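Enquirer: mind looking at a prediction? Sequence and model below.
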Amino acid sequence: MKEFLIEAFKIGRFTQRIIHPCSGKTIKAVALILGLSLQSCWWKPSPKPDPVFQITSTANIDYKPLQALLRNQEWKSADRETFQILLKISQREQEGWLSQADVEQLDCEDLHSLAKLWNYYSDHRFGFIRQQQIWESVGGVVGNYTPEIAEKFGDRVGWRRQGQWRTYEKLNFSKSAPEGHLPATTGNGVSGGVWNGVASITHRLKYCRIIDALRQKQWVEADWKTLEGLDPYREDTRRATASLLISEIPCSELQEIDRLWRKYSNNRFGFSIQKPLLKAAGNNQKELNWENYAQFEKKVGWSSLPYQENDYNGVDPLTIPLGHFPYRIGYSYETFGSGFNRTWRLSLNPDCGF
């Protein structure tokens, strides 16, 4: 307040030099300046309180420095700190950049912690979560980098101007920057610190929980994580018990889930593995035949669930019926009681080829 009064006195003396001291204009001018000054003091945003969600790190990262930078809206420093954390997680601090293989190995919990912190302190404007949404909104598929989509993304988030990539130093490090503008050290075009930038980071973020379970042959866990990953396609995304709109799941989503299951099960599991079994039993998506569908369920081992499900974790996929997973997408809560839509396999979008 002392500094404010001193500044107001200086302003008053300045106005007296250009306006007659006894003029009503002088009083109005000083009052206006004082009002604007007080307004700027009163309306200065207070730091955002710490989030209620838990910040976890299996890589033993201290997130307090990053949290302080984000809380104080020191966006440029927060951006650089984020990249340093990713390098530390990957043990690539000497190299100073991340390859595609490095990104695919990023610790899942730490990546989600980074995403949640940016999302929270920027009010959903910045961070990997917002960048994923924008990447998909311009026609991109996470994990699939193309120069055309990268340019569209760059135009949308302000990394490009008049058809040219902007240098890192010329980016906008304020909250008024376009949505998805930050972090930029992990993007392509303006940085080069991460191979394939947003496409690879957001893919790891989106699918890491499924992938990590599949790598460890935790098939049942991966099945549940597959269902969780489809939450954005629920009738009401605020409720976990809302109906899953199975027929509206995009083909790109189903194709990536199928690819991951086939990759880690040596082509034992996946929608494309289930398809010939479904067809061989005489099933048709246009018309349900319970007898034919029951034959398919028996073939893939769904008839005996849930009694054997605990036996399926950590075992060779050859010991599990062909096409058994994914299975729990059926928990769409469209039915009363069990909440399981038994014939969900016939509800996938037929244009997706499954």
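Expert: Ah, there it is.

Enquirer: the helices in this protein, which residues?
Expert: With helices called from DSSP state H, the chain shows them at 2-18, 24-42, 64-71, 75-90, 100-104, 108-121, 128-137, 147-157, 197-215, 219-229, 251-264, 271-280, 290-300.

Enquirer: so what secondary structure elements neighbour the third one?
Expert: For helix 64-71, the helices and strands in contact under the criterion 3 or more CB pairs under 8 Å, 6 or more residues apart in numbering; DSSP states H and E are helix 75-90, helix 108-121. To be clear about C-beta, it is placed using only N, CA and C from the backbone, and glycine gets the same treatment.

Enquirer: now those helices as a markdown table including mean neighbour count, distance to Leu205 and mean pLDDT?
Expert: Formatted as a markdown table, the helices and strands packed on helix 64-71 follow (neighbours: other CB atoms under 10 Å; distance: least, CB to CB, whole Å; pLDDT from 0 to 100):
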| stretch | mean neighbour count | distance to Leu205 | mean pLDDT |
| --- | --- | --- | --- |
| helix 75-90 | 20 | 12 | 96 |
| helix 108-121 | 21 | 5 | 97 |
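
Enquirer: adding distance to Ala294, write the ones you listed out as a markdown table.
Expert: Supplementary listing: the helices and strands packed on helix 64-71 in a markdown table, determined by distance: least, CB to CB, whole Å:
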| stretch | distance to Ala294 |
| --- | --- |
| helix 75-90 | 48 |
| helix 108-121 | 38 |
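
Enquirer: of all those helices, which lies closest to Val194?
Expert: Shortest distance between Val194 and the helices and strands packed on helix 64-71, using CB to CB, is found for helix 75-90: 7.5 Å.

Enquirer: just want the most central residue of the protein.
Expert: Closest residue to the average C-alpha location of the chain: Ile129 at 3.1 Å, with CA atoms, centre = their mean.

Enquirer: how near is that residue to His181?
Expert: 14 Å (CB to CB, to the nearest Å).

Enquirer: do Cys208 as well
Expert: In this structure, Cys208 and His181 are separated by 24 Å, where distance is defined by CB to CB.

Enquirer: between these two, which has more neighbouring residues?
Expert: His181 (27 against 19; other CB atoms under 10 Å).

Enquirer: wait, that one touches Arg156, no?
Expert: No: distance between His181 and Arg156: 9.6 Å, which falls outside the contact criterion (CB atoms under 8 Å).

Enquirer: number of nearby residues for Lys170?
Expert: Neighbours of Lys170 under the rule other CB under 10 Å: 10.

Enquirer: go on, Lys175?
Expert: 15.

Enquirer: ok, the one 10 residues further on next?
Expert: Residue crowding around Thr185 was assessed by other CB under 10 Å; the count is 22.

Enquirer: isn't it right up against Val198?
Expert: No: shown here, Thr185 and Val198 do not form a contact pair, counting by CB under 8 Å, at 11.7 Å.

Enquirer: what about Ala199, how many neighbours?
Expert: Close neighbours of Ala199, defined as other CB under 10 Å, add up to 26.

Enquirer: then Leu277?
Expert: Using other CB under 10 Å, Leu277 has 17 neighbouring residues.

Enquirer: might one say that it is in contact with Gln295?
Expert: No: with contact defined as CB under 8 Å, Leu277 and Gln295 do not form a contacting pair (9.3 Å).

Enquirer: any idea of the mean pLDDT for stretch 318-325?
Expert: Per-region confidence: stretch 318-325 scores 96 on mean pLDDT.

Enquirer: list the buried residues in that stretch.
Expert: By 16 or more other CB atoms under 10 Å, the buried positions in stretch 318-325 come out as Ile320, Pro321, Leu322, Gly323, His324, Phe325.

Enquirer: what about Phe325, distance to Thr185?
Expert: Relative to Thr185, Phe325 is positioned 37 Å away (CB to CB).

Enquirer: check contacts around Glu136.
Expert: By CB atoms under 8 Å, 6 or more residues apart in numbering, the residues touching Glu136 are Val142.

Enquirer: now with 10 Å, please.
Expert: Glu136 makes contacts with Val142, Ile149, Phe153, Thr202, Lys206, Pro250, Ser252, Glu253, as judged by CB atoms under 10 Å, 6 or more residues apart in numbering.
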